[in-house]
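Novice: the following comprises the amino acid sequence and a computationally predicted model.
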Amino acid sequence: MTADTTPSFAEGGCLCGAVRYRVKGAPQSSSLCHCRSCRLACGAPAVAWVAYRADHVDLLHGEPASMHSSPKVVRSFCPRCGTPLTYRHADEPGVIELTTATLDHPERFPPTREIWLEHRIGWQGVDAKLVPHLRGSGEPPVDTVR
């Protein structure tokens with residue numbers, strides 16, 4: 001994502017409108033995740049995430065509910081409609097990942113990489129334009145994905 005195409009701020013929220021948030025500046029990353037945990041949390045074959053520094057995310061109104069999906073991961077969602085909103089990992093306390101689809105204009109935040117491809121559902125395609133990672137983005141990218 002280039003600085004001239006990234007808005008200085010963006011807003012988003014849940015399906016029912018009970019929770020709204022604003023992000024400032026450019027995201028740190030934008031990924032399409034195929035891990036089983038994300039798939040189950042969102043009920044989708046893959047989930048797009050956009051990561052921001054925690055101090056660049058402001059809650060405008062509402063209070064998300066949260067749950068530990070694993071010992072180091074906390075996910076939040078709207079307590080009224082259930083929309084998945086955030087992902088936070090204990091190893092990166094200064095980062096909040098937001099479900100890209102909850103942004104008012106998600107088309108402004110296309111993913112640049114696909115992660116956890118080893119968990120990908122067999123019928124789910126791989127986007128050749130994205131940097132592929134068999135596991136998390138901390139792993140080196142792979143050359144090919146079957």
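Specialist: That came through fine. Numbers count the residues shown, from 1 in each chain.
Novice: what ranges do the helices span in the chain?
Specialist: For the chain, the helices defined by DSSP state H occupy 36-42.
Novice: low-confidence stretches in it?
Specialist: By pLDDT under 70, the weakly predicted segments of the chain are 1-7, 144-146.
Novice: could you rerun that using 90?
Specialist: For the chain, applying pLDDT under 90 flags the ranges 1-8, 135-146.
Novice: separation between the residue nearest the centre of it and Tyr87?
Specialist: What sits nearest the mean C-alpha location of the chain, by C-alpha atoms, centre = their mean, is Trp49, with 1.7 Å. Distance of Trp49 to Tyr87, computed by C-beta to C-beta, to the nearest Å: 6 Å. For the C-beta atoms, the positions are set from N, CA and C on the backbone; glycine is no exception.
Novice: what residues do those two have in common as contacts?
Specialist: Cys38, Glu97, Thr99 (C-beta atoms under 8 Å, 6 or more residues apart in numbering).
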